[in-house]
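Trainee: kindly generate the corresponding structure for this input.
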Amino acid sequence: MNKPINRERYLRQTQLTNFGEAAQLKLAQAKVLVVGAGGLGVPALQYLTGMGVGTIGIIDFDTICLSNLHRQVLYTEAEVGQSKAMVAHAKLKALNAEVDIQIYNEALTVGNALKLVGQYDVIIDATDNFSTRYLLNDACVILNKPFVYGAVQQYEGYVSVFNYQGGPTYRCLYPQPPAANEIPDCNTAGVLGVVPGIIGMQQALQAIKVITGIGHTLSGYLQIYDFLSDEQYKVKLKLNPENKTIKTLQNSYEPVSCQTVQQLSVEELYDWYESGKSFRLIDVREPDEFAEEHLKGATSCPLHQLKPAEIALNNTIPTVLFCQKGARSSKAAQMLQQQYPTAYIYSVLGGMDFWQDEFDDEYLVRS
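Mentor: Numbering: from 1, shown residues only. Reported below is the predicted structural model:
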């Protein structure tokens, strides 16, 4: 028997047009698993609890440390050394006693992933490592569970919804894990305290949309936020049907040695121009970005239209991928490298933003 909705508590939500008590009831009946109670998980958990999601699972085996507190604002100095899952449970119950909060003070592993994921309707990835993300993705594909993705890197954030209504999976964005030392986590690269707060709230919003059916989710898109310039843009993702055919988990998801995308600095690219070095430059930004300005000799091939099998690469001439900030070019380079493992393929670090910071209008073509 469904528990009646507390009309006073949720009044400001239920009076929303196209939300109402029907959507609030869907929240009350929903079960959401949040994997990670750190920088992303804390804001997601607080808002999901406050908004009345019926059952929330928290999986995290870590303890609170002082360096967490600039971004994990659910915790206090007095709680340093205590279990994140247990402290979060107590504080979230104090926020909303009506919510059933289950805690799993353990790591997500190959041994428990299917059992845990199978108990919930929506999974929120609030982790900070690639091995757990690939494990979580594969479990969600096997069990057909929507997977709300969030990630942060220094001043940037990324959000998407995977494996939802036939949409792409995490492996459609990153087919293979990067090498262990290719992309640093926030412990080594750093992160501005407010950034995971914003991204975690965006993840909560996407979960609410999935549960209630309001609005449009980010399924099929990667939303990228640059908080230094206050810019954001979407990259369209393409479904690879093979990524939906996963039937069993791998024996291990620990990082292994694999090919990495080579990064080319804007200073190195400038030197190539100056020396007359032969190279192929592919600009993977959108056509309107390319039309506004692009580097001399570049050809336009937007990321969402990139088909590696149709691009003939010359193994003796370097191929350079270029975009506005470096994220899209890195993904494009990874796609091409899988198709052409012996080719010389580079992604320009920082893209057009770094180029103009260093060289202004040099070698730029404008319409």
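Trainee: out of the helices and strands in the chain, which is least certain?
Mentor: Ranking every helix and strand in the chain by mean pLDDT, DSSP states H and E puts helix 186-189 at the bottom, with a mean of 55.
Trainee: check contacts around Leu95.
Mentor: Leu95 makes contact with Gln46, Thr49, Gly50 under the criterion CB atoms under 8 Å, 6 or more residues apart in numbering. All C-beta atoms are positioned from the backbone trio N, CA, C, and that covers glycine.
Trainee: 6 Å - rerun?
Mentor: Shown in contact with Leu95 (CB atoms under 6 Å, 6 or more residues apart in numbering): Thr49, Gly50.
Trainee: quick check: it vs Gln46, distance?
Mentor: Between Leu95 and Gln46 the distance is 7 Å, computed by CB to CB, to the nearest Å.
Trainee: kindly report the same for Leu173.
Mentor: Going from Leu173 to Gln46 by CB to CB gives 27 Å.
Trainee: scan the protein for its longest helix.
Mentor: Longest helix in the chain, counting residues (DSSP state H): helix 194-212.
Trainee: and the following helix or strand past that one, what other elements does it pack with?
Mentor: Sequence order places strand 221-226 as the next helix or strand after helix 194-212, per DSSP states H and E. Strand 221-226 sits against strand 156-162, strand 231-236, with contacts defined as 3 or more CB pairs under 6 Å, 6 or more residues apart in numbering; DSSP states H and E.
Trainee: about what we covered before: give me the helices and strands touching the longest helix of the chain, please.
Mentor: Helix 194-212 packs on helix 20-29, helix 41-51, strand 122-125, strand 147-153, strand 156-162, going by 3+ CB pairs under 6 Å, 6+ apart.
Trainee: show me what the helix or strand just after the third one is in contact with.
Mentor: Sequence-wise, the next helix or strand downstream of strand 122-125 (DSSP H and E) is helix 130-143. For helix 130-143, contacts defined as CB under 6 Å, 6+ apart pick out 108, 113-114, 117-118, 123, 125, 127, 147, 163, 169-170, 177, 246, 249, 253-254.
Trainee: now a PyMOL select for only the buried ones of those.
Mentor: In PyMOL, a selection of the buried entries from the contacts of helix 130-143 looks like this (16 or more other CB atoms under 10 Å):
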select buried, resi 108+113+117+123+125+127+147+163+169+170+177+246+249+253
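Trainee: might you specify the subset of the contacts of helix 130-143 located within helices?
Mentor: Reading helices off the contacts of helix 130-143 with DSSP H, I get Ala113, Leu114, Val117, Tyr170.
Trainee: state the pair within the residues you listed that is farthest apart.
Mentor: Pairwise distances among these were taken by CB to CB; the largest, 16.5 Å, belongs to Leu114 and Tyr170.
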